[in-house]
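>>> I'd like to go over a predicted model; first the sequence, then the structure.
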Amino acid sequence: GWEEKSLYVWFEAVMGYLTASISYSKMQDKPDLWREFWDEGTDAEHYYFLGKDNIPFHTILWPAMLMAHDGLKLPDNVVANQYLKFGGEQFSKSRGVSIEAAEVLKKFSPDQIRYYLAASMPENRDTEFTWKDFERRINTELVNALGNYIHRVLTFTYNNFGYIPERGELSEEDRDALKVLEKTMRSVEENLEKAAIKDSIAAIIEMARFGNNYMSRTAPWALIKEDRERCGTVMNVNLSILKALGIMIAPFLPDAAEQTLAELGVKNIKWDEALLPPKAGHKVKKPAPLFQKVSIETESFPGFETLDLRSGNVISVEDHPDADKLYVLRVDLGEKEPRTLVAGLKPFYSPEELLGKTLIILSNLEPAKLRGIKSEGMLLAADYETDGGEVVAFLTPEKRLPPGTPINSGRAQGRKRIKYRQFSSLSLKIGRITDRNHADIGGEIVEIAPHRIEAGKKVAIYIEERENGPKGLVIGTAEGTPIVPEKDIAEGARIR
C-alpha cells in the first residue's frame, strides 16, 4: 500500500545518522551497541557539522523526528558554517567548482592542508579560498610560528644537553610564561567545547609566537655559557610549552603532534596531562623540521582575468527566424534557467552536431540583440582561412565537465560585464604544445605558463604582450583540464 508514497529527501537523509549506527552495531554482532550513543540520558554528545543551507533540516526536521520517536538523544550542538568559496563561488563538485584532494596531496602534506582548512574555517562569514592565502598562512603561521619554535627548542636541547634538563628554581618570567600557557590551554579547551575551530587554532599559533619571544628574551644561547643550571630551567619551560602545544595541535595536526610528542617521550596523548612538564632525563634525538615552506606560482594575466568563461551544454538548436547563417541555441550553464545564445555556426555545423555538446561560453559578455533575438553570452570557436575556404571549430573541454564549470586556469575570474570590443582586443589562439614552457601558435614559438599537458596537443591559449615578448596561458579549469578545438585546426587559428 506504499507504492505511491514519496519521502522528501531531507526527511529521509537525516535518518542516516541513526540507521547507520544501528547497521554498524549489527555488523559488530552487538545489535544494541547503538543505544550507548543514542538513548536519552547517554553521556555521548552529539555534534552536527554542516553548511548554513542545511540548518533547517538539522534544527527542525531531525529534532522533531527524534522527539516523535521518543527516548532518543537530541543534538547537543548544530555547528553550522558559512561557505568556503573558490573563485567567488561556493565549492560544488557537481558544478565543477572544486579542488581534487588527491591532486593537492601530491604537492602538500596532509597537515598543511588540515591546518589551512581549520585556520580558515568559515565560521561566521563566507571565506574565499585562494592559493596565495594558502601560501601565506602556511609559511607565516604553520612554518614560521609553530614549526620554527618547535625546531628551535628541540635543536638547542639536542645540541647543548642531549636530554630534557631538570627544572630548577623558576624566575618570575618563567612563572608568567607557564601562566600564559595555562590560560591558552583553557582557551583552546573552551573553544573546542564550542566547536570554535578557528579560534582554537589562532590561540595555539599565538602561544607558539609567545614561546618564540620567551626563548629570545631568556637567551639560552648566552645562559649556556654563564649558568648551565639556569639554562636547563629555561629549556625545561620551553619543552613544557612544546609538550602542551603538541597535545593541543593533536585534533588538527595529528602527524605533527605525534612527531613532536615522540621527541619528548610522550607516547599516549592525554589532554589532562598537557600542563605537566616532560620527563627530565629523556634523551632527545636530532630533530628534523616539521613543516616545509610552500611556494605557489600563480602568474597574473590581467586581460584573461576580465573573462568569466564557463562550460555549457547545448540543450536545443533552432534556426534563427530572420538570419540565414545564425542558430539560436539554448545552453545550460548550471544556472536556474538556460541561456539563449545566437551563434553564426550554421555554415559549419548541423543542429545534430551541436546538440548535447559542451561548449565554452563567455558568460559575462554584455547581452546584445542579434537580428531581434537577445543573445546572453557568446560561445568560443576557432577559425582559420585555408585555400579551400574557412575552417571553424568550436571549443570544448578535453573531458566532459558539469554545466557552469569555471574555465579560469586557476586564476581569478571576471565578475563585471564586458563589451564585445573589449573581448575582441584580447589575443586567444590555438597553439600546439611543444614542451612544458612553450607552444607553437602558427610558426611562432611563445613562452607559456607551466602546465601538465603532453607535447603535441593542440589547446586554446591566451596570449599577452609584455616588455620581454609575448607570454601565453593554457586555457582550462583550475584542475588542469585543457580547452581544445572540437576538430583539428591549424596552429595560430584565432579564437573569437
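Received the coordinates, thanks. Numbering: from 1, shown residues only.

>>> now the chain, which segments are flagged as low pLDDT?
Per-residue confidence of the chain (counting by pLDDT under 70) places the weak regions at 87-89, 93-98.

>>> residue farthest from the centroid of it?
Among residues of the chain, the one most distant from the C-alpha centroid is E226; the distance is 49.8 Å, by Cα atoms, centre = their mean.

>>> got the phi/psi numbers for that residue?
Listed backbone geometry of E226 is phi -110, psi -40, with angles given as degrees, to the nearest 10.

>>> same question, the one 5 residues further on
For C231, the backbone dihedrals (degrees, to the nearest 10) come out as phi -60, psi -40.

>>> I figured it was touching T157, is that so?
No: with contact defined as Cβ atoms under 8 Å, C231 does not count as touching T157 (10.2 Å). Any C-beta I mention is one placed from the backbone N, CA and C, and that applies to glycine too.

>>> which neighbours do those two share?
Listed contacts common to C231 and T157 are P165; contacts here mean Cβ atoms under 8 Å, 6 or more residues apart in numbering.

>>> Now do the helices in the stretch 101-250 of the chain.
101-105, 110-119, 131-137, 148-160, 172-193, 197-218, 220-226, 228-248 (DSSP state H, counting those that start in this stretch).

>>> for the first one, packing partners?
In terms of contacts (3 or more Cβ pairs under 8 Å, 6 or more residues apart in numbering; DSSP states H and E), helix 101-105 is packed against helix 110-119.

>>> Compute the inter-axis angle for the helix it packs on and helix 197-218.
Put simply, helix 110-119 runs at 110 degrees to helix 197-218, going by axes from the mean of the first three to the mean of the last three Cα atoms, to 10 degrees.

>>> Flag every buried residue along helix 110-119.
Of the residues in helix 110-119, those buried under the neighbour-count criterion (16 or more other Cβ atoms under 10 Å) are 111-119.

>>> Centre of the chain to stretch 267-282, how far?
Using Cα atoms, centre = their mean, to the nearest Å, the distance from the centre of stretch 267-282 to the centre of the chain it belongs to is 34 Å.

>>> For that stretch, which outside residues touch it?
By Cβ under 8 Å, 6+ apart, the residues outside stretch 267-282 that reach it are 163-167, 178, 181-182, 185, 189, 236, 239-240, 242-244, 246-248, 250, 257, 261, 264-266.

>>> The same query, at a cut-off of 7 Å, please.
Outside stretch 267-282, the residues that touch it by Cβ atoms under 7 Å, 6 or more residues apart in numbering are 163-167, 181-182, 185, 236, 239-240, 243-244, 247-248, 250, 257, 261, 264-266.

>>> One more: stretch 134-151?
Counting by Cβ under 7 Å, 6+ apart, the neighbours of stretch 134-151 from elsewhere in the structure are 112, 115-116, 119, 205, 208-209, 211-212, 242, 260, 287, 289-291, 293-296.

>>> May I see the ChimeraX selection of the buried members of the residues you listed?
The ChimeraX command for the buried members of the contacts of stretch 134-151 (criterion: 16+ other Cβ under 10 Å) is given here:
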select :112,115,116,119,205,208,209,211,212,242,260,287,290,291,294,296
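
>>> Give the buried residues for whichever strand or helix holds R432.
Taking DSSP states H and E as the definition, one finds R432 inside strand 427-435. Under the neighbour-count criterion of 16+ other Cβ under 10 Å, strand 427-435 has 427-433 buried.

>>> Verify the contact between V459 and G480 for me.
No: V459 is not in contact with G480 according to Cβ atoms under 7 Å; the separation is 11.1 Å.

>>> quick one on the thing from earlier: contacts for the strand holding R432?
The contact list for strand 427-435, computed with Cβ under 7 Å, 6+ apart, reads 382, 439-441, 445, 453-463, 472, 485, 489, 491-495.

>>> so what strands line up beside the helix or strand just after that strand?
The helix or strand immediately downstream of strand 427-435 is strand 438-440, counting by DSSP H and E. On the basis of DSSP bridges, the sheet neighbours of strand 438-440 come out as strand 427-435 (antiparallel), strand 445-448 (antiparallel).

>>> Adding distance to S363, write those strands out as a markdown table.
Output for these, formatted as a markdown table (distance: least, Cβ to Cβ, whole Å):
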| stretch | distance to S363 |
| --- | --- |
| strand 427-435 | 16 |
| strand 445-448 | 24 |
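
>>> of those, which approaches E123 most closely?
Between E123 and those, the shortest separation by Cβ to Cβ is 39.8 Å, and it involves strand 445-448.

>>> buried residues in that closest one?
The neighbour-count check on strand 445-448 (16+ other Cβ under 10 Å) flags 446, 448 as buried.

>>> which residues touch that strand?
Counting by Cβ under 7 Å, 6+ apart, the neighbours of strand 445-448 from elsewhere in the structure are 434, 437-439, 461, 463, 470-474.

>>> Please save the CA atoms from stretch 302-318 in CSV.
Once non-C-alpha atoms are left out, stretch 302-318 reads as follows in CSV (Å, rounded to 0.1, in the frame of the first residue of the first chain):
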residue,chain,number,x,y,z
PRO,A,302,45.1,40.7,-16.2
GLY,A,303,43.3,40.6,-19.6
PHE,A,304,42.3,36.9,-19.2
GLU,A,305,41.1,37.7,-15.7
THR,A,306,38.4,40.0,-17.0
LEU,A,307,36.7,37.0,-18.6
ASP,A,308,34.1,34.7,-17.0
LEU,A,309,34.4,31.6,-19.1
ARG,A,310,32.1,28.6,-18.3
SER,A,311,31.3,25.2,-19.7
GLY,A,312,27.8,25.0,-21.1
ASN,A,313,25.8,22.1,-22.5
VAL,A,314,23.6,22.7,-25.6
ILE,A,315,20.1,21.6,-25.0
SER,A,316,18.4,22.9,-28.1
VAL,A,317,19.3,24.3,-31.6
GLU,A,318,16.9,26.3,-33.7
